[in-house]
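A.B. asks: Quick one: sequence plus predicted model below, questions after.
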Amino acid sequence: MFEFCSDPKSLEGLRWFACYFTTGKHLLFYQSFLVVIALMLVTVPCALAMGFAGALAARSHVAPLRWIGKGYSALARGVPDIAFFLFVPLALDQGLEWLRHKTKCPDWDLPVRQGNDFVVCAQAKLPLSSAPQWQHELYGVSLAVIAFAFVFGAFAAFVLSGAMNAVPKAQLETGEAYGMTRRQITWRILIPQMWVYALPGLSNLWMILIKATPLLFILGVEDIVYWAREMGGTKTQAYDYPHGDWRLWYFLGLLVFYLSLTKVSEVFLARLSRRLSHGQATMAGEEMRRAA
């Protein structure tokens, strides 16, 4: 990046560090922080949508929908998260490739399962081997988002279902007495008031999601954990910027990043909770009325 970085072997002191921290790999390391934040911001609405659908299904009068809603929540909460994080991307990847294989290579006469290998024709691979690198990375991140949304959507369904049950039933009965349909009661009374009860549980899920992002490393995504281990390891004289084992300092930087992210989240969620509690028939709302 700097003109004096052309000969790393001749650098010392601050100039050496200035060039070292602006190499191409370090820029990818800095970019991976944005990838983690973007993944969380994309995962949250997806998980909330799945959780909302699961909570409504669990309350449905239609038995099959109710079974699906309760089964989805119970399944994801009863199986270790890491099992889903490894299973969902693999199942989706092989399922999509198998469908493309059946469509694009109908004359293929070899079995797809060959021992421990899953083999499809070259045209069915996702992404194609000739695709640029960014498509491979985007595909991996997309599978990770789906896995995170599936797991945390199940927990969100449980939280939202409990929040719906916490809304005073007298208000629902009042809406029914005024002639409102079940659909109107759900969307005009139940859902607007359930968020104040759901926020504590959803806040905990957000914190857990933050701590779960290092699992991207297991899914093969080049995230901050990958780059911290990659660049913090010992670099011999064969590299332009040789150094010893600096993984401790890189992982210490990750510690500061996650602590800062959780602190900012706590402040934001506390303000959101006060805003949602205003005027509500809850302990927090009652305290706000007394303080006023």
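C.D. replies: Thanks, I have the structure now. Residues are numbered from 1 along each chain as shown.
A.B. asks: The helix or strand encompassing residue 270 packs against which elements?
C.D. replies: Following DSSP states H and E, the helix or strand that holds residue 270 is helix 247-277. Helices and strands touching helix 247-277, by 3 or more Cβ pairs under 8 Å, 6 or more residues apart in numbering; DSSP states H and E, are helix 191-212, helix 224-232, helix 283-291. Backbone N, C-alpha and C define where each C-beta goes, glycine included.
A.B. asks: ok, 6 Å please
C.D. replies: helix 191-212, helix 224-232 (3 or more Cβ pairs under 6 Å, 6 or more residues apart in numbering; DSSP states H and E).
A.B. asks: Tell me the helices and strands packed up against the first one.
C.D. replies: Helix 191-212 sits against helix 133-166, helix 247-277, with contacts defined as 3+ Cβ pairs under 6 Å, 6+ apart.
A.B. asks: Please save the CA atoms from the next helix or strand after the longest one in PDB.
C.D. replies: To tie it back to what came earlier, the one meant is helix 133-166. Proceeding N to C from helix 133-166, the next assigned helix or strand is helix 169-177, under DSSP H and E. Presented in PDB, the C-alpha positions along helix 169-177 are these (Å, rounded to 0.1, in the frame of the first residue of the first chain):
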ATOM      1  CA  LYS A 169     -56.300 -13.300  27.400                       C
ATOM      2  CA  ALA A 170     -58.800 -10.700  28.500                       C
ATOM      3  CA  GLN A 171     -57.700  -8.500  25.600                       C
ATOM      4  CA  LEU A 172     -58.200 -11.300  23.100                       C
ATOM      5  CA  GLU A 173     -61.600 -12.000  24.600                       C
ATOM      6  CA  THR A 174     -62.500  -8.300  24.300                       C
ATOM      7  CA  GLY A 175     -61.700  -8.300  20.700                       C
ATOM      8  CA  GLU A 176     -63.800 -11.400  20.200                       C
ATOM      9  CA  ALA A 177     -66.700  -9.700  22.000                       C
END
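A.B. asks: Use 893 as the first number from now on
C.D. replies: Sure, I'll start numbering at 893, so the last one becomes helix 1061-1069.
A.B. asks: ok, and for the helix or strand just after helix 1061-1069, which residues are buried?
C.D. replies: Using DSSP H and E, the helix or strand that follows helix 1061-1069 towards the C-terminus is helix 1074-1077. Buried residues in helix 1074-1077, defined by neighbour count with 16 or more other Cβ atoms under 10 Å: residue 1077.
A.B. asks: Also stretch 1048-1055?
C.D. replies: In stretch 1048-1055, counting by 16+ other Cβ under 10 Å, buried: 1048-1053, 1055.
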